[in-house]
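**Student:** all I have is the shape, not the residue letters:
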């Protein structure tokens with residue numbers, strides 16, 4: 001399917017208004033399972049580009065435009081009975097595809113997209129087999145995610 005610029009602009013507007021470009025990280029310390037008494041700390045990074053809406057057609061159109069088969073999550077709120085749908089892209093490739101598709105038309109989330117490109121760049125540089133993020137990589141990713149979070153909580 002050939003997409004038009006109006007489709008790309010439409011999706012950018014949806015992401016600007018109803019979407020998120022976000023990330024988080026957490027550290028966890030675990031003890032050795034072999035009884036050595038040793039501990040190690042690791043950092044987990046969670047990144048995503050997502051859209052939430054109570055109109056399923058918006059998410060289905062997004063899937064069609066991006067030619068993806070990412071599952072649409074569904075949550076019904078007990079109090080109101082309203083259903084909310086969520087489409088989340090988490091792999092480097094999927095997030096890049098979404099951002100590349102909408103980037104020229106983003107307005108309010110363009111800065112978040114720039115930061116996400118930087119974070120993905122660090123992850124992709126280490127994506128070959130057995131490569132590990134260095135302490136500098138982790139520190140840079142945490143700083144970028146903090147910037148992303150600050151932008152997302154800006155009023």
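**Tutor:** It's in. This one's a predicted model, so the numbers in the text were calculated from it and none came from an experiment.

**Student:** list the residues that contact residue 85.
**Tutor:** Each residue near residue 85 by Cβ atoms under 8 Å, 6 or more residues apart in numbering is listed here: 52-56, 59, 72-75. Placement of C-beta: from N, CA and C, glycine included.

**Student:** burial of residue 29, as a residue count?
**Tutor:** 8 (other Cβ atoms under 10 Å).

**Student:** specify the local secondary structure of it.
**Tutor:** strand (DSSP: H, G, I helix; E, B strand; the rest coil).

**Student:** next up, identify which helix or strand the residue lying closest to it once chain neighbours are set aside is on.
**Tutor:** Leaving aside its chain neighbours, residue 29 sits nearest to residue 41 (4.5 Å; criterion: Cβ to Cβ, 6 or more residues apart in numbering). Using DSSP states H and E, residue 41 falls within strand 39-53.

**Student:** same thing with residue 22?
**Tutor:** strand 19-31.

**Student:** can you list the strands that that strand pairs with?
**Tutor:** Sheet partners assigned to strand 19-31 using DSSP bridges are listed as strand 39-53 (antiparallel).

**Student:** buried residues in the lowest-mean-pLDDT helix or strand in the chain?
**Tutor:** Least confident helix or strand, the chain: strand 39-53 with a mean of 87, by mean pLDDT, DSSP states H and E. Within strand 39-53, the residues scored as buried using 16 or more other Cβ atoms under 10 Å are 45, 47-53.

**Student:** from the contact counts, what lies against the lengthiest helix in the chain?
**Tutor:** Identified as the longest helix of the chain according to DSSP state H is helix 135-152. Secondary-structure packing of helix 135-152 (3 or more Cβ pairs under 8 Å, 6 or more residues apart in numbering; DSSP states H and E): strand 19-31, strand 39-53, helix 110-125.

**Student:** can I get these in CSV with distance to residue 148?
**Tutor:** Listed next are the helices and strands packed on helix 135-152 as CSV, based on distance: least, Cβ to Cβ, whole Å:
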stretch, distance to residue 148
strand 19-31, 5
strand 39-53, 9
helix 110-125, 5
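
**Student:** out of these, which comes closest to residue 92?
**Tutor:** Nearest to residue 92, of all those, is helix 110-125, at 5.1 Å by Cβ to Cβ.
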